[in-house]
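**Student:** curious how this folds, go ahead:
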Amino acid sequence: MAHTGPPRSPVRRFLTYWRHFVSRTWPLLAILVVQARLSLSLVWSNTAFTDEALYLQAGHLELEHWLHGTAIPAFATYFSGAPVLYPPLGAMADSIGGLAAARILSLCFMLCATSLLWATASQLYGRLTGFFAAGIFAALGPTIRLGAFATFDALSLCLIALSTFCVVRAARQERAVGWLVAGALALAAANATKYASALFDPVAAGILLILAAPERSWRHALAKSSVMMGYVAGILLFLFSLGGAEYATGIEQTTLERTNSVDSVSAIFSESWHLTAIVVILSLTAVVLSLMIDRCLPQALLLVLLTGAAALAPLEQARIHTFTSLDKHVDFGAWFAAMAAGYLIDRLVHLTKARPLMWAATTVCAAALFFPARIGLMQARAIFKSWPNSSAVVAALRQVLPGTTGPILFDDDRSVPQYYIPAAGAQWYRWSNDSSLRLPDGQSISVGVGKDPSPILYAAQVRLGYFSVVVLNHGAAGVFDSYILPALKDNTHYHLQATVPYGKRYSQIWVYRPQTAVGSEKFSPSPVKNDSPFLTLLTPVARLRPILSVIEAAVVASGAAVVGLMLLIRFAWRRGKAYDEI
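**Tutor:** You can find the predicted model right below:
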């Protein structure tokens, strides 16, 4: 009998596994280190952007609502993603380490997206393709920017990447129900996190269709793809039934029927090209090379699909004529197109069979990634400098707000001071801006997302002395401010308290003296009494009670459907037939 020796200790087994893991993935680890370094250079470079402040402040309020039943605004009616998903996660990170921690959380999501890109491309075309796909994606300006930006986008992109990885695994396996369900769950979660990500659902379904067809048949592949999209639709419909009318309004206003802007189509495509030119050029070349050399229809179709994904966001934004979020949305399509770009470099490196030449070509191509990374960092830095630093305004408001009790008018981006001044932010019902006016009876007059406000009503309220504090930034809401400023001067009780720098312009802070304006207690929402956070978790707050009957009915119906399907498979079909067809 051969002597096997003493069993290895857990520490030795772990070290052996770790050495094996590092030896296989060290190129990816190098890319992730560089990507992290590039994004981290932006984390502390500017104060919070409006969207960052809005989502983090909403997350804090959502947590307060869950734990204490605190009344909160109807975020779901104007958020472009479910306010109960990313915002609480970002708020928890913010509670640990402030804005920097929330941005680093997004960096973690983007590093996961890059890792999943490497894993997915490696499954499709090999590890060299995976390396260059990940390297090109990590070097893009939108990727670097999203890695330091505390919004929905990084989490949604990470979930789409996870879904695509599961789809590729499902396509290559005969019994793939588990991977299909995992892919559907990740895709549905991505759509719920950011509604606009549904634009890329057909890409995931198309990848599954194209990859599964050569394994058996197009009919079988279509069945697989339909099953996964059916799962996604079922999950989203269930979540939509829980959200109710508020979520319906939010999806309609922010995604389905967003108001058209006035940005030109040519300018939108020009900006998209500026941000993603390298990945578009390489992926288009990959399609041409595949048609000329491979002459394989499924291969060419897959490359066309991956390349076409890069055009989806620009086309959609051109349809509604808006630059808004373009620099974020193009990164979703670039994630797919990067696989085609990596495939091209892989094929070019393998044009020669001499191993020394292959190594030399690989080294040169890897070193060449320095140039797009440098350009990407410059683009990301320019984006981070595109909004004004709010430090001076926030510092001035910290001095002014404690002595006031009435409504506050902040002309455009009220979420920034609400985020940086938590005590004032918790009194969200005091704040109005150019798109939402909070009235003394607790009601709000709001305009739809992307629509122009009517400043005349605000000016009338200013002349009546309704607001305790008015902040005019003379920026994006310049037309609005031109109505408010004369009204402030007409009311002698308003005094210019401070003029502070706000980017390239100045902000004016006007205060009502004496403070006899409407007090916040007259229009604040009624407090919700809860004995303790623990009891709140056991007894849902009032906002959740109406949906309990829906949840109960859905659970009963789904359970009955599962039992019926099990009986059908067991007694009506031949054993194994239904499972194999799926």
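**Student:** wait, doesn't residue 156 sit right on residue 188?
**Tutor:** No. Applying C-beta atoms under 8 Å as the test, residue 156 and residue 188 come out as separate, 11.4 Å apart. C-beta coordinates here come from the backbone N, C-alpha and C atoms, glycine included.
**Student:** more crowded one of those two?
**Tutor:** residue 156 (28 against 23; other C-beta atoms under 10 Å).
**Student:** residue contacts, the more buried one?
**Tutor:** Applying C-beta atoms under 8 Å, 6 or more residues apart in numbering to residue 156 gives the contacts 81, 86, 190, 191, 193, 194, 197, 332.
**Student:** confirm that the third one sits in a strand.
**Tutor:** In this case it means residue 190. No. Residue 190 is assigned helix when assessed by DSSP: H, G, I helix; E, B strand; the rest coil, not a strand.
**Student:** burial measure for it, as a count.
**Tutor:** For residue 190, using other C-beta under 10 Å, the count is 29.
**Student:** do the second one as well
**Tutor:** Neighbours of residue 86 under the rule other C-beta under 10 Å: 28.
**Student:** over to the first one?
**Tutor:** Residue neighbour count, defined by other C-beta under 10 Å, stands at 28 for residue 81.
**Student:** what does the fifth one give?
**Tutor:** Here the count is done by other C-beta under 10 Å, and residue 193 has 23 residues near it.
**Student:** correct me, but it touches residue 159?
**Tutor:** Yes. Residue 193 lies in contact with residue 159 (C-beta under 8 Å); the separation is 6.4 Å.
**Student:** may I have the predicted confidence score for residue 421?
**Tutor:** pLDDT for residue 421: 92.
**Student:** look up how far residue 360 lies from it.
**Tutor:** Noted for residue 421: a distance of 58 Å to residue 360, by C-beta to C-beta, to the nearest Å.
**Student:** which of these two has more neighbours?
**Tutor:** Ranked by neighbour count (other C-beta under 10 Å), residue 421 and residue 360 place residue 421 first, with 17 against 13.
**Student:** can you give me phi and psi for that one?
**Tutor:** Per-residue torsions, residue 421: phi -120, psi 80 (degrees, to the nearest 10).
**Student:** hang on, isn't it packed against residue 394?
**Tutor:** Yes. Counting by C-beta under 8 Å, residue 421 does reach residue 394; the two are 6.6 Å apart.
**Student:** overlap in contacts of these two?
**Tutor:** With C-beta under 8 Å, 6+ apart as the test, residue 421 and residue 394 reach no residue in common.
**Student:** any idea which of the contacts of residue 156 is the one closest to residue 114?
**Tutor:** residue 332 (13.6 Å; C-beta to C-beta).
**Student:** could you name the specific helix or strand carrying that closest one?
**Tutor:** According to DSSP states H and E, residue 332 maps onto helix 326-349.
**Student:** if I pick the residue nearest to the spatial centre of the chain, what's in contact with it?
**Tutor:** Nearest residue to the geometric centre of the chain (C-alpha atoms, centre = their mean): residue 153, 1.6 Å. Going by C-beta under 8 Å, 6+ apart, residue 153 touches 106, 146, 194, 325, 328, 329, 331.
**Student:** same check, this time on residue 126
**Tutor:** Per C-beta under 8 Å, 6+ apart, neighbours of residue 126: residue 346.
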